[in-house]
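Undergrad: Take this sequence and fold it.
(chains A and B)
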Protein chains: 2
Amino acid sequence: MDLKQYQRECLEAVDRALDHFLPGEDVLPVNLHKAMRYSVFAGGKRIRPVLMIAACEAAGGERETVLPAACAMEMIHTYSLIHDDLPAMDDDDFRRGKPTNHRVFGEALAILAGDGLLTEAFRLLADPDAGARLAPVTRLRILELMARSAGSFGMVAGQVVDMESEGRAIDFPTLEFIHTRKTGALILAAIQTGALVAGADEETFASLSRYGEAAGLAFQVADDILDIVGDQAQLGKDVGSDQQRGKATYPALLGLEEARQKAVELRDLALAALQPFGEEAEPLRQIARYIVDRSV
Amino acid sequence: MDLKQYQRECLEAVDRALDHFLPGEDVLPVNLHKAMRYSVFAGGKRIRPVLMIAACEAAGGERETVLPAACAMEMIHTYSLIHDDLPAMDDDDFRRGKPTNHRVFGEALAILAGDGLLTEAFRLLADPDAGARLAPVTRLRILELMARSAGSFGMVAGQVVDMESEGRAIDFPTLEFIHTRKTGALILAAIQTGALVAGADEETFASLSRYGEAAGLAFQVADDILDIVGDQAQLGKDVGSDQQRGKATYPALLGLEEARQKAVELRDLALAALQPFGEEAEPLRQIARYIVDRSV
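TA: Numbering: from 1, shown residues only, chains lettered A, B, ... in the order given. Sure thing, here's the model as predicted:
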């Protein structure tokens, strides 16, 4: 199995589906839909959709069936980036080498483009045509899971505590609170959604959830490490930008070596969770290795 | 039937339910949940929930069953107010006589409180306990309806075009585009959700939809008129504030007299749509009269 090719195939399928599901740039209000599409198609690596597809396929599900949920997840992720970049939040001018949404469309339209993407994500999850292959109770369960992971118990909670902690000394439990929510919650939800779409039994769902928890945290620890030792191309943002902002990170709290050890432990936990699976979980295994190995 | 008493009963039921469904102020992150609750309990008249309950009861449904959807609707409405008030948008310091969310909690937390409320609204609509009295397909239909009405085809679209039109001469179709979406879409969705919760047949659903379209537009025309001739207490915002901002309004485009005539026509359209109903639609009738009669 070639991970790069797998990722490319997933990315292309997700991008085609996003183009299909998102309102066109000719739909009124034109500027709003342009702003929504600008950030969705700004070069994201589709990590959450790829993980969702890989989890779905590991549990015996079909890629076509999981695409609407994968697109909804990417819309939620994109809205969170647009709002995080706003002047009142992180005040970032660039993301992935491109001007941020509010730099192109203005602050008001950026707020509304984020609102529009978040709302459209839930509309898509409830859309009868897009969800025709899934039982209504399954669609509701996915919807509840995604909303819980994205909202004031999940991603939004992580963002708030991260913001409140900037420039202040924080303890390890606070750091874990931030990371399990700010990035971990959506990654876990992506994996669990993949399992639900595949109709996984409870045991399979539990195994994939363990993988998702470990991989989500590993992703964050690795990102923190790369912020210190990586190059800009690999990271997609300025090296050292977390440090400059006084952001809480694993290396800052644990030291670089212990952070690396933590990443390796999380990778092994993720791999152990996949033990009951065969070949069909190979993409998930390689993703866990890829996430961590580039940082240690 | 005493409309004031009916409204008070509905408002109390909705406020109790909102208090039950919203995360408590002791739930982490404390400031986020305080900010969310601050605006939800800032003295809103619960117009959309009251209309939803009244439509549900007109179609033979029960108040208890519609409360979760009514709360979700009010969360969506509240999020839209928080984001509309932001410095980058309308830059309002006060709403209903209280400091706006960002004036109390800061801009970043206000953005995130809005995001949290929007997300929590959809989570609540998908919550298996809160929705236990409704069939999964009905809950999905309600969810899709609310998301469509709130998103980039509905409320968010109206807000964008309203913003883009500020201080510019606009034509009547543009004014109608703004109002049918910015306020009309959620009001119509409230009525239609009430009908769906009650399990209304197609004919009843269509009648209530006609009522909702007319009442939603009447509400906006009346609000525009009150902005010119009303007193501040009645309006809940500064008299003349639309004019000061160069906002497009019905009186500005049609003249005061023709705007009043339009409001009366819409009221009569709304009442005509309720013709097939008996006593059970009396609250809806009185609301349509109340909306318009205070402005003409």
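Undergrad: Now do residue A:146 against chain B, distance only.
TA: 9 Å (Cβ to the nearest Cβ, to the nearest Å). Placement of C-beta: from N, CA and C, glycine included.
Undergrad: What number of residues are in the vicinity of that residue?
TA: Residue A:146 is flanked by 28 other residues according to other Cβ atoms under 10 Å in any protein chain shown.
Undergrad: which element is the most centrally placed residue in chain A on?
TA: Relative to the mean C-alpha position of chain A, the nearest C-alpha, by Cα atoms, centre = their mean, is the one of residue A:48, at 4.3 Å. For residue A:48, the element it lies in under DSSP states H and E is helix A:47-58.
Undergrad: and the angle from whichever helix or strand comes after that helix to helix A:47-58?
TA: Downstream of helix A:47-58, the first helix or strand assigned by DSSP H and E is helix A:63-85. With axes from the mean of the first three to the mean of the last three Cα atoms, to 10 degrees as the basis, helix A:63-85 and helix A:47-58 are set at 160 degrees to each other.
Undergrad: could you give the mean pLDDT of helix A:63-85?
TA: Over the span of helix A:63-85, the pLDDT mean works out to 98.
Undergrad: Name all residues that make contact with residue A:46.
TA: A:10, A:11, A:14, A:15, A:70, A:74 (Cβ atoms under 8 Å, 6 or more residues apart in numbering or on different chains).
Undergrad: Now do the buried residues in stretch A:191-203.
TA: Neighbour-count burial for stretch A:191-203 flags A:191, A:192, A:193, A:194, A:195, A:196, A:197, A:198, A:199, A:200 (criterion: 16 or more other Cβ atoms under 10 Å in any protein chain shown).
Undergrad: again with stretch A:90-109
TA: Buried residues in stretch A:90-109 (16+ other Cβ under 10 Å): A:90, A:92, A:95, A:100, A:101, A:102, A:103, A:105, A:107, A:108, A:109.
Undergrad: Just put the buried residues of stretch A:191-203 in TSV and tack on distance to chain B, secondary structure and pLDDT.
TA: Below are the buried residues of stretch A:191-203 laid out as TSV (distance: Cβ to the nearest Cβ, whole Å; DSSP: H, G, I helix; E, B strand; the rest coil; pLDDT from 0 to 100):
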residue	distance to chain B	secondary structure	pLDDT
A:191	19	helix	98
A:192	14	helix	98
A:193	13	helix	98
A:194	18	helix	98
A:195	17	helix	98
A:196	13	helix	98
A:197	15	helix	98
A:198	19	coil	98
A:199	16	coil	98
A:200	18	coil	98
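Undergrad: quick one, what contacts the nearest residue to residue A:144 once chain neighbours are set aside?
TA: Counting by Cβ to Cβ, 6 or more residues apart in numbering or on different chains, residue B:126 is the residue found nearest to residue A:144 once chain neighbours are left out, at 3.9 Å. Going by Cβ under 8 Å, 6+ apart, residue B:126 touches A:140, A:141, A:143, A:144, A:147, B:139, B:143.
Undergrad: give me that answer again for 10 Å
TA: A:122, A:125-126, A:139-148, B:72, B:136, B:139-140, B:143 (Cβ atoms under 10 Å, 6 or more residues apart in numbering or on different chains).
Undergrad: quick one: residue A:143 from residue A:36, how far?
TA: Distance from residue A:143 to residue A:36, counting by Cβ to Cβ, to the nearest Å: 20 Å.
Undergrad: hmm, back to that, if any of the contacts of residue B:126 are buried, put those into a ChimeraX selection.
TA: The ChimeraX command for the buried members of these (criterion: 16+ other Cβ under 10 Å) is given here:
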select /A:122,125,126,139,140,141,142,143,144,145,146,147,148 /B:72,136,139,140,143
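Undergrad: The contacts of residue B:126 in helices, which ones?
TA: A:122, A:125-126, A:139-148, B:72, B:136, B:139-140, B:143 (DSSP state H).
Undergrad: can the helix holding residue A:48 be found next to chain B?
TA: No. Judged by Cβ under 10 Å from any Cβ of the partner chain, helix A:47-58 makes no contact with chain B; its nearest approach is 16.0 Å.
Undergrad: Let's test this: mean pLDDT of that helix, rounded?
TA: 98.
Undergrad: mind saving the C-alpha coords of it as CSV?
TA: Extracted in CSV, the C-alpha atoms of helix A:47-58 (Å, rounded to 0.1, in the frame of the first residue of the first chain):
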residue,chain,number,x,y,z
ILE,A,47,-6.5,15.1,7.0
ARG,A,48,-9.8,14.6,8.7
PRO,A,49,-11.7,13.4,5.6
VAL,A,50,-8.8,11.0,4.7
LEU,A,51,-8.9,9.6,8.3
MET,A,52,-12.7,9.2,8.0
ILE,A,53,-12.5,7.4,4.7
ALA,A,54,-9.6,5.2,6.0
ALA,A,55,-11.6,4.3,9.2
CYS,A,56,-14.7,3.6,7.1
GLU,A,57,-12.8,1.3,4.8
ALA,A,58,-11.0,-0.4,7.7
